[in-house]
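1. Give me the fold of what follows.
(2 chains, ligands or ions: 1)
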Amino acid sequence: MPAERLLPTTEAEDLLALTREIARAELAPLAAEYEEAERFPREQFRLLGRSGLLGLPYPEKWGGGELPYEVYLQVLEEIACAWMSVGVGLSVHTMSCYALIEYGTEEQRERWLPEMLGGDLLGAYALSESHAGSDAAALSTRAARDGDDFVVNGAKAWITHGGQADFYTTMVRTSDDGGRGISCLLVDAKTPGLSAAPPERKMGLTGSTTTQMIFEDARVPADRLLGAEGEGLKIALSSLASGRLGIAACAVGLAQAALDEAVAYASGRIQFGKSIIEFQGLEFMLADMAAAVESSRATYLEAARRRDRGLPFSRQASIAKLVATDAAMKVTTDAVQVLGGAGYTRDFPVERYMREAKVPQIFEGTNQIQRMVIARELRRS
Amino acid sequence: MPNIVVLVKQVPDTYSERKLAESDHTLDRDSADAVLDEINERAVEEALLLKEAQGGEVTVVSVGPDRATDAIRKALSMGADKAVHVSDEALRGSDVLQTAKVLAAAVGKVEGYDLVIAGNEASDGQAGAVPAILAELLGVPQLTHARKVELDGTTLKVERESEEGITRLEASLPAVVSVGEKINEPRYPSFKGIMAAKKKPVETLTVADLGIDAGEVGLGNAWTSVLEAAPKPPRTAGQRVTDEGDGGSKVAEYLVAQKLI
Ligand SMILES: Cc1cc2nc3c(=O)[nH]c(=O)nc-3n(C[C@H](O)[C@H](O)[C@H](O)COP(=O)(O)OP(=O)(O)OC[C@H]3O[C@@H](n4cnc5c(N)ncnc54)[C@H](O)[C@@H]3O)c2cc1C
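-> Okay, the predicted model is just below:
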């Protein structure tokens, strides 16, 4: 049963219809094959770009769709429902444009945003390093000022779209002053001295390339500094607050896909002379899965509406990310259970969904870190 | 610069389960998602390609209930310029003759049309007769089942594909063309197209606006009627042949028993 949505406008309804059409015809049929082959769906991102989906929440004057998060996130959910790697990629791309939108100068925005939102380019967001994951403020990739350039040395880790992206919104160390010594650079992928390490060999989300990005005396023009020097960590964290909403929406899409698959299988599979969906033990499991999907959706939408109204939303975003990604893990695991032995094979997509569901509990702040964010706000109140 | 009319129809999504109403065997429009028929997307695409190459204007014409506006908006968001929507309770259950008559009157509302493009057959009714009837009513040439369309000034050339082979047709404008599956790959609308569609004019007309008597259309006055309808029987399990060295002859025996060989 596809998600039933309450959308604010006819245009939003048409946009969701377009998204479902693209998801159904262009994404879903390729997902299993590409994931198996660990192949990055670059062409599919170009199609999303041509359709105007790579800049939905950003201002129209720079080529965005100027849509509320409430609508953008539901588009994202539908994409992730058809293909998680593409959903996550769309979310990461959107997040990678955030720093320039919110912290760039007018001149910087006019220069780069139309291309970044225009559909041809793909972005990446580079904060993590091998020794600085949850403790991102410990990052040590160094950018030293030299004339009109920053000379960057170090290695960013776990970069989604590493080696595939056209630009990297990169957090670097510009002074030793801990969290206040971090700055944000918009790095062009063609910068000499920047290279991608071989892709990580992951448990899931294998269509999405994840690599270290190595900076060796990479010269980044100083006019690519976003915000003030030392503002980088603040920029990074506020990007993540919005990014987490994206991950929550992707997790709901993934869980919905698993639920749909489980319901379809349970309706067709006969044991003891009945469809297995007629056994209460199984039916209640499916009901719990539906409840998890729909309550997660409601949770991210509530956070999105706060953001759209200009209200503080970081606690709600962390709650949405925590709730939706934990729910997706449970729902996808239960979907494997509903399919029995078939669910454990690669002939059905649910084992892949289960592998894909693990990583949203880890990236953009592990779910332990989300709890810290939530608890910190509780302490403050 | 051709002035092109494209006929579009809203149909139940072929991905969903499609049903007829039990009472009168008309389409149960609530049972399935309604979408712009894919063959009409190809018709719109062909019109847009002509317009992009030669200029002109593309008007979509649709006969259907109120909610057919969704299908019309889809055509507009792909890039058509404006629309005429004939919507009237009296039209419910109309057959191909009545529908073509209404379409002919609606096309007549588009001043100075040069070319009408339609899909060769809707995925719901599958009568495949409307384009030909329409051409007859308009008194213009019909170039049906096109897999390729070329327009040079007022000369229209079409390749028609049928089981017998390819026929090359030529006619002067104005004319009616119906296109088949192979004509093109329709574009997706873009978000910009969706936003632009909001501002494009849609003229909504009743049968009275077209000078047609409501008593001539609708289920009660149709020339044809559906007497009975039954869903396709579900596929049965079939017969399994296990190959124990004699699989080939067992299959052959089965086919002989079915009088297939
Ligand atoms: C597929 C994938 C894609 C990624 N994409 C990107 C990307 O595009 N850009 C980017 O910058 N990063 C990316 N990351 C990195 C990701 O954000 C980090 O992996 C994540 O922040 C966790 O860091 P870590 O792996 O170093 O784990 P660690 O920080 O070492 O954590 C290990 C464990 O300790 C727990 N832990 C740590 N600190 C605490 C604490 N204070 N209290 C309680 N528990 C704690 C964690 O929750 C976790 O369970 C990606 C990661 C993956 C796997």
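2. mind checking the SS state of the closest residue to the ligand within the stretch 1-150 of chain B?
-> Residue of the stretch 1-150 of chain B nearest the ligand, by CB to the nearest ligand atom: B:Tyr15 (32.3 Å). To be clear about C-beta, it is placed using only N, CA and C from the backbone, and glycine gets the same treatment. The local conformation at B:Tyr15, judged by DSSP: H, G, I helix; E, B strand; the rest coil, is coil.
3. Burial check on the residue nearest to it when sequence neighbours are not counted, number of neighbours?
-> Leaving aside its chain neighbours, B:Tyr15 sits nearest to A:Arg24 (7.3 Å; criterion: CB to CB, 6 or more residues apart in numbering or on different chains). As a burial measure, A:Arg24 scores 15 neighbours (other CB atoms under 10 Å in any protein chain shown).
4. measure the residue of the stretch 51-200 of chain B found nearest the ligand to A:Asp14 for me?
-> Residue of the stretch 51-200 of chain B nearest the ligand, by CB to the nearest ligand atom: B:Phe191 (25.1 Å). Distance, B:Phe191 to A:Asp14, by CB to CB, to the nearest Å: 9 Å.
5. Would you mind giving both backbone torsions of residue 57?
-> Using chain A here. phi -80, psi 0 (degrees, to the nearest 10).
6. my bad, the chain I had in mind was chain B
-> B:Glu57 adopts backbone torsions of phi -140, psi 150, taken as degrees, to the nearest 10.
7. now swap in B:Leu205 and tell me
-> phi -130, psi 150.
8. residue contacts, the residue lying closest to it once chain neighbours are set aside?
-> Distances taken as CB to CB, 6+ apart place B:Val86 nearest to B:Leu205, at 5.1 Å, with adjacent residues excluded. When contacts are counted by CB atoms under 8 Å, 6 or more residues apart in numbering or on different chains, B:Val86 touches B:61-64, B:102-103, B:106, B:204-207, B:210.
9. could you flag which of those residues are buried?
-> B:61-64, B:102-103, B:106, B:205, B:207, B:210 (16 or more other CB atoms under 10 Å in any protein chain shown).
10. Of these, which belong to helices?
-> Those of these mapping onto helices are B:102-103, B:106, per DSSP state H.
11. where's A:Gly64, which helix or strand?
-> Assigned by DSSP states H and E, A:Gly64 belongs to no helix or strand.
12. Angles on the backbone of it, please.
-> phi -80, psi -180.
13. Can you tell me the SS state at the residue lying closest to it once chain neighbours are set aside?
-> Nearest non-adjacent residue to A:Gly64, counting by CB to CB, 6+ apart: A:Tyr58, 3.1 Å away. Here A:Tyr58 is coil, with the state taken from three-state DSSP.
14. just B:Leu169 next, same as before
-> strand.
15. May I have the beta-bridge partners of it?
-> With DSSP bridges as the criterion, B:Leu169 is bridged to B:Val158.
16. Check it and give its pLDDT.
-> With respect to pLDDT, B:Leu169 scores 95.
17. Number of residues surrounding it?
-> Counted with other CB under 10 Å, B:Leu169 comes out at 17.
18. how far away is it from B:Lys182?
-> According to CB to CB, B:Leu169 stands 16 Å off from B:Lys182.
19. Pop out the phi and psi values for A:Cys145.
-> One correction, residue A:145 is Arg, not Cys. phi -70, psi 130.
20. Repeat that for B:Glu41.
-> phi -60, psi -40.
21. show me the residues around it that make contact.
-> B:Glu41 neighbours (CB under 8 Å, 6+ apart): B:74-75, B:78, B:186.
22. Outline the domain layout of chain A.
-> Domains of chain A are assigned by the TED database as A:10-118, A:123-230, A:234-380.
23. if we compare the ones you listed, which one ends up closest to B:Ala129?
-> With CB to CB as the criterion, B:Ala129 lies closest to domain A:10-118 of those, at 28.5 Å.
24. so where is chain A shaky, pLDDT-wise?
-> For chain A, applying pLDDT under 70 flags the ranges A:1.
25. Then chain B?
-> B:29, B:31.
26. picking up where we left off before, who wins on neighbours among the contacts of B:Glu41?
-> Highest neighbour count within the contacts of B:Glu41, by other CB under 10 Å: B:Ala75, with 28 neighbours.
27. Over to the closest residue to A:Gln368 other than its chain neighbours: give its phi and psi.
-> In space, and not counting its chain neighbours, A:Gln368 is closest to A:Ser134: 7.5 Å by CB to CB, 6+ apart. Main-chain torsions, A:Ser134, degrees, to the nearest 10: phi -60, psi -40.
28. Confirm B:Gly238 sits in a strand?
-> No. Counting by three-state DSSP, B:Gly238 is not part of a strand but coil.
29. so what's it up against?
-> Contacts of B:Gly238 by CB under 8 Å, 6+ apart: none found.
30. count of residues packed around the residue of the stretch 51-200 of chain A found nearest chain B?
-> Using CB to the nearest CB, the closest approach of the stretch 51-200 of chain A to chain B is made by A:Gly52 at 3.3 Å. By the criterion of other CB under 10 Å, A:Gly52 has 24 neighbours.
31. Could you do B:Asp209 as well?
-> For B:Asp209, using other CB under 10 Å, the count is 14.
32. repeat for B:Gln239
-> So B:Gln239, with other CB under 10 Å, has 10 neighbours.
33. Identify the residue spatially nearest to it, adjacent ones excluded.
-> Leaving aside its sequence neighbours, B:Gln239 sits nearest to B:Tyr254 (CB to CB, 6+ apart; 6.6 Å).
34. and the one you found, that's in a strand?
-> No. Applying three-state DSSP, one finds B:Tyr254 to be helix, outside a strand.
35. picking that back up, chain neighbours aside, what residue packs nearest to the residue of the stretch 51-200 of chain B closest to the ligand?
-> Spatial nearest neighbour of B:Phe191, chain neighbours left out: A:Gly52 (3.3 Å); criterion: CB to CB, 6+ apart.
36. Against B:Ala118, how distant is that neighbour?
-> Taken as CB to CB, the span from A:Gly52 to B:Ala118 is 29 Å.
37. what do you get for B:Ile39?
-> Taken as CB to CB, the span from B:Ile39 to B:Ala118 is 9 Å.
38. Equivalent analysis for B:Gly247, please.
-> 50 Å.
39. Then A:Ser239?
-> For A:Ser239, the distance to B:Ala118 - CB to CB - is 50 Å.
40. before we move on, what about A:Ala262?
-> 42 Å.
41. wait, what's in contact with A:Phe348?
-> Contacts of A:Phe348 (CB under 8 Å, 6+ apart): A:261, A:265, A:339, A:342.
42. Now the third one: closest residue in space that isn't a chain neighbour?
-> Meaning A:Leu339. In space, A:Leu339 is closest to A:Tyr265, 5.1 Å off (CB to CB, 6+ apart).
43. One more: B:Ser87?
-> Using CB to CB, 6+ apart, the closest residue to B:Ser87 is B:Asp66 (5.5 Å).
44. what do you get for A:Lys156?
-> A:Ala126 (4.1 Å).
45. Okay, and the beta partners of that neighbour?
-> A:Thr170.
46. Surely it touches A:Met171?
-> Yes. Counting by CB atoms under 8 Å, A:Ala126 does reach A:Met171; the two are 6.7 Å apart.
47. where exactly do the strands run in the stretch 51-200 of chain B?
-> Remark: strands assigned in the stretch 51-200 of chain B by DSSP state E, counting those that start in this stretch are B:57-63, B:82-86, B:115-119, B:142-152, B:155-162, B:165-172, B:175-179.
48. The first one pairs with which strands, and in what direction?
-> So the one you mean is strand B:57-63. Sheet pairing for strand B:57-63, using DSSP bridges, gives strand B:3-7 (parallel), strand B:82-86 (parallel).
49. Contacts for it next, please.
-> The contact list for strand B:57-63 (CB under 8 Å, 6+ apart) reads B:1, B:3-10, B:44, B:47-48, B:51, B:68, B:71-72, B:75-76, B:79-87, B:91, B:94, B:99, B:102-103, B:106-107, B:110, B:113.
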